[in-house]
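[1] this one's sequence-less:
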């Protein structure tokens, strides 16, 4: 899965630590997720999406146009 967490986080001028503290994980965990070295549960992805005020599709890197074509 193409996690877009880093792009979204940077667009909001947030640090990995900002997200980590909000959802109760370590900064290192967020770093591993952003690098693709760690998978996250759907529940955790939802928490992150809620905190960043984006959809799960955006976090997952799903293109809205692809959804319309299918």
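    Yep, it's here. Just so it is clear, the model here is predicted, and its values are computed rather than measured.
[2] alpha carbons only for contacts and neighbour counts from here, please
    Noted.
[3] can you name the residues that contact residue 23?
    By CA atoms under 8 Å, 6 or more residues apart in numbering, residue 23 lies in contact with 44, 47-48.
[4] show the buried residues in the residues you listed.
    When these are checked for burial by 16 or more other CA atoms under 10 Å, the buried set is 47-48.
[5] a markdown table for the contacts of residue 23, including distance to residue 18?
    A markdown table is the format used below for those (distance: CA to CA, whole Å):
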| residue | distance to residue 18 |
| --- | --- |
| 44 | 15 |
| 47 | 13 |
| 48 | 11 |
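[6] per-residue pLDDT, residue 4?
    pLDDT recorded at residue 4 is 88.
[7] my read: it touches residue 35, true?
    No. Using CA atoms under 8 Å, residue 4 makes no contact with residue 35, being 10.0 Å away.
[8] picking up where we left off before, among the contacts of residue 23, which one lies nearest to residue 21?
    Residue 21 lies nearest to residue 48 out of the contacts of residue 23, by CA to CA, at 11.0 Å.
[9] show me what the host helix or strand of the closest one is packed against.
    When elements are assigned from DSSP states H and E, residue 48 belongs to helix 42-52. Using 3 or more CA pairs under 8 Å, 6 or more residues apart in numbering; DSSP states H and E, the elements in contact with helix 42-52 are helix 16-23, helix 56-60.
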